[in-house]
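1. Have a look; sequence and predicted model below, questions after that.
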Amino acid sequence: KKVLDYTQEQKNAIQRFADDYAQRIRQTYLLYGVTGSGKTEVYLNCIEEVVKQGKQVIVLIPEIALTYQTVMRFCHRFGDRVSFINSTLSAGEKYDQHLRAKKGEIDVIIGPRSALFTPFSNLGLIVIDEEHETFSLLEHAVEAVKNAGYVQTGDTVVITTGIPLGISGTTNLIKVHVVG
């Protein structure tokens with residue numbers, strides 16, 4: 001496994017999340033910075049922290065971003081405990097992935113907004129990756145899913161990445177800069 005050298009901001013962001021999570025503090029974080037600043041590596045560490053505690057994770061990304069490189073990055077990190085949902089899957093294939101989630105065979109599901117309906121029994125984190133939609137629209141989508149009972153409010157943290165426009169006062173900003 002390749003060892004990465006994190007910037008101080010990345011270390012701070014990872015530690016803040018880990019500390020909050022260990023103390024059962026569940027809140028919304030906005031992890032932001034320019035492309036290439038290391039936001040993805042930060043949220044991958046947050047996902048690892050949550051999975052270590054026996055929880056499951058939903059990662060929302062634009063379907064166009066579900067590239068071979070993205071798939072491989074998650075597979076290298078989480079092995080066969082990760083799955084992907086997208087529009088190219090047949091209804092049967094989507095059903096199989098939902099069944100795997102329900103049986104506890106996967107820890108991480110990655111896909112567009114429809115991934116929010118993955119039947120995880122122990123959801124611990126939702127990550128919304130950059131440029132997926134505007135933050136306020138996604139914030140409302142997650143709230144609607146919580147209200148429908150798919151997500152338990154007290155057990156879920158939402159980390160989003162992108163530009164901090166139109167955020168609510170309950171969101172904690174964590175900025176990551178590019179070094180070099």
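-> Happy to help now that I have it.
2. CA atoms for contacts and neighbours, from now on please.
-> Fine.
3. any weak-confidence spans in the chain?
-> Residues of the chain meeting the criterion pLDDT under 70: 1-3, 130-180.
4. all strands of it, in order?
-> 28-32, 56-60, 82-84, 108-111, 123-128, 157-161, 171-175 (DSSP state E).
5. Which strands or helices does the fifth one pack on?
-> Contact analysis of strand 123-128 by 3 or more CA pairs under 8 Å, 6 or more residues apart in numbering; DSSP states H and E lists helix 39-52, strand 56-60, strand 157-161 as its packing neighbours.
6. These: which one's closest to residue 69?
-> helix 39-52 (12.7 Å; CA to CA).
7. Pull out the buried positions in that closest one.
-> 39, 42, 43, 44, 45, 46, 47, 48, 49, 50, 51 (16 or more other CA atoms under 10 Å).
8. Contacts for it next, please.
-> Under the criterion CA atoms under 8 Å, 6 or more residues apart in numbering, residues 10, 13-14, 17-18, 31-33, 56-57, 107, 124-125, 127, 159, 161, 176 lie in contact with helix 39-52.
9. Contact partners for residue 84?
-> 71, 97, 109, 110, 111.
10. For these, work out which two are farthest apart.
-> Once CA to CA is applied, those give 71 and 97 as the farthest pair, at 15.2 Å.
11. between those two, who's got more neighbours?
-> A direct count of neighbours by other CA atoms under 10 Å for residue 71 and residue 97 places residue 97 higher, at 21 against 15.
12. Spatially nearest residue to that one (excluding sequence neighbours)?
-> Nearest residue to residue 97, sequence neighbours excluded (CA to CA, 6 or more residues apart in numbering): residue 83, at 7.0 Å.
13. burial of that neighbour, as a residue count?
-> For residue 83, using other CA under 10 Å, the count is 22.
14. And for residue 8?
-> Neighbour tally, residue 8, other CA under 10 Å: 12.
15. Would you check how far apart the nearest residue to residue 54 once chain neighbours are set aside and residue 87 are?
-> Leaving aside its chain neighbours, residue 54 sits nearest to residue 122 (7.7 Å; criterion: CA to CA, 6+ apart). Counting by CA to CA, to the nearest Å, the separation of residue 122 from residue 87 is 25 Å.
16. Which of those two has more residues huddled nearby?
-> residue 122 (17 against 11).
17. How much space separates the more buried one from residue 85?
-> For residue 122 relative to residue 85 (CA to CA), the value is 19 Å.
18. Same check on residue 103?
-> On the measure of CA to CA, residue 103 and residue 85 end up 17 Å apart.
19. More neighbours: the two, which one.
-> residue 85 (23 against 12).
20. I'd say the more buried one and residue 110 touch.
-> Yes. When contacts are counted by CA atoms under 8 Å, residue 85 is listed as touching residue 110 (6.2 Å).
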